[in-house]
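Chemist: sharing a model that was predicted from the sequence below.
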Amino acid sequence: MRRIALRIAYEGTNFHGWQRQEPPGLPALRTVQGEVTRALVEVMRAPIHCQGASRTDSGVHAQAQVAAFTADCRVPLQRIPAALNARLPEDIRIMSAWHVPDDFDPVRNALAKCYRYEIACRHPFMARLPFDRKFVYALMYALDVDRMRAAAMALIGEHDFKGFAHSQHGRECTVRTIYSCEVNTMPDDRVVIDVSGSGFLYNMVRIIAGTLVEVGRGRIDPAQMPAIVASSDRSRAGPTFPANGLQLRWIYYPPDRSEPVCVT
């Protein structure tokens, strides 16, 4: 039996998030974990439990979700991605597979995760690119990025982020550490918010994005951000932005559990 990790990319539009969901008496919802597990069972020809590192919400995308399973695998490691991709729908791709220690836990062993929220600032009469609708949240006004950067600084460090979480976040502890929160401009009037941290609460990054946009619009003063964070009051933070602009960019692990670097 070997423990194997997978790096998975997916377009979250038509999924009910990562986590498998089987409502009593109803058909199972379409989830990334459900699809990957089904493919693994076909390839490994045995029952498989596939554990993911991040419970991405419905509609959220991922460039580098990490999952792991244990199996008596007779398929060569380098062929596992192709074998799984042949059995998966086109909105999920297994990008790589590697061996990890038997006690590897993709959730507990993660040292940091990074999410990106992408926004397109469009003039009200400017057409929106049709393929943006699944991956970019469109705003009909400009943003003051300098104000947003100033406010983002208040998020860095260890804080109680209860005020930046959905009321049904389901966690006993709402303290998290944010390592970086960067706001940058991109071509075509894009603004991207990259947030890395030890972990995130339910809807936390989408609320951070909504709050920083309120700052960029001039509705919240950047100087108010430390007090908003300290208050743990959800009503003081900004709106929860839609899922389509959010993607899981990377997850960092200790060297002995990380994906090997291929040298060519």
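Modeler: Sure thing, it's come through. Numbers count the residues shown, from 1 in each chain.

Chemist: neighbours of Val75, just the number please.
Modeler: Using other Cβ atoms under 10 Å, Val75 has 16 other residues around it. For the C-beta atoms, the positions are set from N, CA and C on the backbone; glycine is no exception.

Chemist: check the spacing between it and Ala152 real quick.
Modeler: 45 Å (Cβ to Cβ, to the nearest Å).

Chemist: likewise Glu182?
Modeler: From Glu182 over to Ala152 (counting by Cβ to Cβ), the distance is 7 Å.

Chemist: quick check: neighbours shared by the two?
Modeler: Counting by Cβ atoms under 8 Å, 6 or more residues apart in numbering, the shared contacts of Glu182 and Ala152 are Ile193.

Chemist: pull the contacting residues for Ile251.
Modeler: Ala53, Ser54, Ala64, Gln65, Val66, Pro106, Ala110, Ala112, Lys113, Cys114.

Chemist: which one of Glu182 and Ala152 has more residues nearby?
Modeler: Ala152 (23 against 14).

Chemist: does that one touch Thr211 like I think?
Modeler: No - contact criterion Cβ atoms under 8 Å: Ala152 and Thr211 do not qualify, at 9.5 Å.

Chemist: neighbours around the nearest residue to Met44 once chain neighbours are set aside, how many?
Modeler: Spatially, and ignoring its direct neighbours in sequence, Met44 is nearest to Ala71 (4.6 Å; Cβ to Cβ, 6 or more residues apart in numbering). Residue neighbour count, defined by other Cβ under 10 Å, stands at 21 for Ala71.

Chemist: phi, psi of Ala71?
Modeler: Ala71 adopts backbone torsions of phi -160, psi 160, taken as degrees, to the nearest 10.

Chemist: what is the least confident helix or strand in this structure?
Modeler: Lowest on mean pLDDT, DSSP states H and E among the helices and strands of the chain sits strand 137-139, with a mean of 92.

Chemist: and that one, which strands flank it?
Modeler: Strand 137-139 has its sheet partners listed here by DSSP bridges as strand 112-121 (parallel).

Chemist: rebuild the contacts of Ile251 as a markdown table, extending it with distance to His166.
Modeler: Shown next, in a markdown table, are the contacts of Ile251 (distance: Cβ to Cβ, whole Å):
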| residue | distance to His166 |
| --- | --- |
| Ala53 | 20 |
| Ser54 | 16 |
| Ala64 | 24 |
| Gln65 | 20 |
| Val66 | 23 |
| Pro106 | 23 |
| Ala110 | 21 |
| Ala112 | 22 |
| Lys113 | 18 |
| Cys114 | 20 |
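
Chemist: please pick the buried ones from those.
Modeler: For the contacts of Ile251, a burial check counting by 16 or more other Cβ atoms under 10 Å picks out Ala53, Ser54, Ala64, Gln65, Val66, Pro106, Ala110, Lys113, Cys114.

Chemist: hmm, who's touching stretch 181-193?
Modeler: The contact list for stretch 181-193 (Cβ under 8 Å, 6+ apart) reads 116-122, 136, 142-143, 145, 148-149, 152-153, 155-156, 194-196, 205, 208-209, 212, 216.

Chemist: same check, this time on stretch 221-240
Modeler: Residues contacting stretch 221-240 (Cβ under 8 Å, 6+ apart): 147-148, 150-151, 153-155, 159-167, 174, 203, 206-207, 210-215, 220.

Chemist: which ones among those are found in strands?
Modeler: Taking DSSP state E as the definition of strands, the contacts of stretch 221-240 contribute His159, Asp160.

Chemist: just the contacts of stretch 221-240: which are in helices?
Modeler: Arg147, Met148, Ala150, Ala151, Arg206, Ile207, Gly210, Thr211, Leu212, Val213, Glu214, Val215 (DSSP state H).

Chemist: just for the stretch 151-264 of the chain, where's the confidence low?
Modeler: Scanning the stretch 151-264 of the chain for pLDDT under 70 picks out 262-264.

Chemist: need the helices for this structure, in chain order.
Modeler: 32-44, 80-85, 145-152, 204-216, 225-231.
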